[in-house]
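*Asks:* Quick one, what's the 3D model for this:
(2 chains)
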Amino acid sequence: MPDTHYLTTPVDRERIAGLALGDSVYLSGDVVITAGIPSHQRLMEMLESDTPIPVPMAEGALLHFGASHTQLDGKPDVAYINPTTSSRFNPFMPTIISRLGLRVVGGKGGLNAACAQAMRRTGCVYLSFPGGAAPLYARALTAVRAVYWDDFIEHYRLTLLQVDALGPATVAIDAEGRSLYDDIAHSAAARLETIINELDRTRENDTAQCRGAAGNGSIT
Amino acid sequence: MTDVPIGHAIVKSVAAELYARALRQVPGETQAALRHLATAESNPTARRTIAIQLESAAEAQAQQTFVCSDAGIPVYVVRIGTGVRLQGDIRRAFVDGFASLIATSDPPLLPHVTDPLTGERSHAGRGMPVVTFDLIDGADYLEIICSPSALGSGRWAALEVFSFPSLATIERYVLEVVLRAGAQPCPPVVIGVGIGGTFDYAAKMAKEAMLRPFGQRHPEPMVAAMERRLLAAVNQTGFGPMGTGGDGTAMELHVEYSAGHGYTPVAVSFNCWINRRAGARIFADGHTEYF
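*Replies:* Okay, the predicted model is just below:
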């Protein structure tokens, strides 16, 4: 059975190395979320030009989550958060993971092999948060600490949240660069011809049955 | 009483209400299908993921809040019974209905309507909402299905045009599309397959197949058998809930087909596990039924 872990940011490398594929994780502490390609492009530009990032993320968590921004008593607030598709950020994430020294990235759908290799070098895991669990993630949200890049639409902003037991998420890429997504995709591709053969056999039976039924006049 | 004209006000109001419902509810039969998958699931991570999905569905319903942050773009499938009388700007009512939802929704919707030429996002745009119209001979109601289309599942729809394909070729293509989508469309998904007709009609059939209520096989035994064996094949791929492994990659798979020429488009459409869709019928006697 997979283990369950309670992580609080910042997380040291040893702790991250102890997470196995399929384990369950609840994340607490400060996490940064964003959901935009423009936000990743801006991060890349800042890293390339050695411009300081507005919020330090060394040994921290950067999650691909969308957030609906509101105001509460004149301060920034968030109505709901939910993971978004990480794979569209594949081109940016190897650099972002390594240069920021991230320990946790996450969202849904996973990242590619190049990202997994950056995670192995840096000591970082990818957490799969089930999509469509916004009501559960809202319960874990304890504070909106800061919002950067107001010139972007709300879910593209860099948003620093404080969370308490955000999850459960599944360790889908570990700190050795092993990826459930790659493993499953490879095994599905390897199994395809077997599945097709089974499909062909079933079709022959189905067709014979349907023809038999038609011959008996019992088809309607 | 009959022959009350269906006008802008009622269509606007129902269009907004359907969207609001679609964002907050996971259809009951979909929750039942998730429970069914969980009982057969051999992977403990997958069982945990389905438990979270069901808990989220219950919580969204209890709190009347959104299940997902991606509210998608507005898509309405409208079927007009020929026994109803329409009056006023019915097409406009969908634009106004979506705008009124944006103006009043609590919680608010994120801006996902994207200009494909500039990448700019907002709550409105050219051609929005996507509304298709069809006719139902003799019916005394106007039927509206709201199916918000989000990135997770919308991105992975596919269509290819074949020349005189065998059933084996068609079914292999469906599986190849499923393999390409993999973990991305938030499984366990609902898959709609449209075969034949023309390029645009195959896509429309795939969408209609995707939106078909659960528990209804295609009326033709040959097609019903294809649905069953393709669903079984998809659930041999091993992607599982959220693509982190398991038996339950799809909850349901439906096929629609039409005669065509020897060139045969095959379209495949996905809906994520939330299976967002909400429907209503506005009757000629003035009452509305939601389903």
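*Asks:* show me what contacts residue B:97?
*Replies:* Applying C-beta atoms under 8 Å, 6 or more residues apart in numbering or on different chains to residue B:97 gives the contacts B:11-16, B:19. No exception for glycine: its C-beta is placed from N, CA and C like everyone else's.
*Asks:* Go again with 7 Å.
*Replies:* B:11-13, B:15-16 (C-beta atoms under 7 Å, 6 or more residues apart in numbering or on different chains).
*Asks:* so where do the helices sit in chain A?
*Replies:* A:13-17, A:37-48, A:93-100, A:113-122, A:134-140, A:180-215 (DSSP state H).
*Asks:* Reformat the ones you listed as TSV; add mean pLDDT, distance to chain B and mean neighbour count.
*Replies:* Listed next are the helices of chain A as TSV, based on pLDDT from 0 to 100; distance: least, C-beta to the nearest C-beta, whole Å; neighbours: other C-beta atoms under 10 Å in any protein chain shown:
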stretch	mean pLDDT	distance to chain B	mean neighbour count
helix A:13-17	97	18	15
helix A:37-48	97	8	16
helix A:93-100	98	16	21
helix A:113-122	98	14	19
helix A:134-140	96	4	20
helix A:180-215	94	4	15
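*Asks:* The strand or helix carrying residue B:269 - which strands sit beside it in the sheet, and in what orientation?
*Replies:* Secondary structure from DSSP states H and E places residue B:269 in strand B:263-271. Partners of strand B:263-271 in the sheet, by DSSP bridges, are strand B:158-163 (antiparallel), strand B:189-196 (antiparallel).
*Asks:* per-residue confidence averaged over that strand?
*Replies:* For strand B:263-271, the per-residue pLDDT values average out at 98.
*Asks:* Give me the buried positions along it.
*Replies:* B:264-271 (16 or more other C-beta atoms under 10 Å in any protein chain shown).
*Asks:* and if you look at stretch B:167-179?
*Replies:* Using 16+ other C-beta under 10 Å as the test for burial, stretch B:167-179 gives B:170-179.
*Asks:* Filter the residues you listed down to the ones in helices?
*Replies:* Using DSSP H, these in helices are B:170-179.
*Asks:* got these as a markdown table, with distance to residue B:76 and pLDDT columns?
*Replies:* Compiled in a markdown table, those are given as follows (distance: C-beta to C-beta, whole Å; pLDDT from 0 to 100):
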| residue | distance to residue B:76 | pLDDT |
| --- | --- | --- |
| B:170 | 29 | 98 |
| B:171 | 31 | 98 |
| B:172 | 33 | 98 |
| B:173 | 29 | 98 |
| B:174 | 26 | 98 |
| B:175 | 31 | 98 |
| B:176 | 31 | 98 |
| B:177 | 25 | 98 |
| B:178 | 27 | 98 |
| B:179 | 31 | 98 |
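*Asks:* can you narrow these to ones near chain A?
*Replies:* Contacts with chain A are made by B:171-172, B:175, B:179 out of these, judged by C-beta under 7 Å from any C-beta of the partner chain.
*Asks:* what does the lowest-mean-pLDDT helix or strand in chain B contact?
*Replies:* Using mean pLDDT, DSSP states H and E, helix B:151-154 stands out as the lowest-scoring helix or strand of chain B, at a mean of 90. Identification of contacts with helix B:151-154 by C-beta under 7 Å, 6+ apart yields A:85, A:131, B:70, B:184-186, B:189, B:270-272.
*Asks:* now stretch A:182-199
*Replies:* Applying C-beta under 7 Å, 6+ apart, the contact partners of stretch A:182-199 are A:113, B:171-172, B:175, B:179, B:182, B:229, B:233, B:236-239, B:243, B:245.
*Asks:* how's the chain carved up into domains?
*Replies:* Just so you know, I chose chain A. Chain A is divided into the following domains under automatic domain parsing: A:4-178, A:181-220.
*Asks:* oops, I was thinking of chain B
*Replies:* B:8-24+B:67-150+B:277-290, B:151-271.
*Asks:* Let me know which of those domains is tucked in deepest.
*Replies:* Comparing those by mean neighbour count (mean count of other C-beta atoms under 10 Å in any protein chain shown), domain B:151-271 ranks first with a mean of 21.
*Asks:* by contact count, what packs against the longest strand that chain A contains?
*Replies:* When chain A is scanned for its longest strand (criterion: DSSP state E), the result is strand A:158-173. For strand A:158-173, the packing partners by 3 or more C-beta pairs under 7 Å, 6 or more residues apart in numbering or on different chains; DSSP states H and E come out as strand A:24-34, strand A:125-128, helix A:134-140, strand A:141-148, helix B:44-63.
*Asks:* and the longest one, is it in reach of chain A?
*Replies:* Read that as helix B:44-63. Yes - Helix B:44-63 reaches chain A (C-beta under 7 Å from any C-beta) through B:44-45, B:48-49, B:52-53, B:55-56, B:59-60, B:63.
*Asks:* Make CSV out of these and add pLDDT and neighbour count.
*Replies:* Conversion of these to CSV gives the following (pLDDT from 0 to 100; neighbours: other C-beta atoms under 10 Å in any protein chain shown):
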residue, pLDDT, neighbour count
B:44, 95, 14
B:45, 94, 26
B:48, 95, 22
B:49, 96, 33
B:52, 97, 20
B:53, 97, 29
B:55, 97, 14
B:56, 97, 24
B:59, 97, 17
B:60, 96, 23
B:63, 95, 11
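*Asks:* So of those residues, which two are at opposite extremes in space?
*Replies:* Based on C-beta to C-beta, the longest span within the residues of helix B:44-63 next to chain A runs between B:44 and B:63 and measures 28.3 Å.
*Asks:* ok, residue A:120 - contacts?
*Replies:* Neighbours of residue A:120 in contact, by C-beta under 7 Å, 6+ apart: A:175-177.
*Asks:* let's see it at 10 Å
*Replies:* A:97, A:173-178 (C-beta atoms under 10 Å, 6 or more residues apart in numbering or on different chains).
*Asks:* picking up where we left off before, looking only at pLDDT, what's the mean for the longest strand of chain A?
*Replies:* pLDDT averaged over strand A:158-173 gives 97.
*Asks:* Go through it and flag the buried ones.
*Replies:* A:158-163, A:166-173.
*Asks:* Identify, from the residues you listed, the entry nearest to residue B:124.
*Replies:* Nearest member of the buried residues of strand A:158-173 to residue B:124, counting by C-beta to C-beta, is residue A:159, at 24.7 Å.
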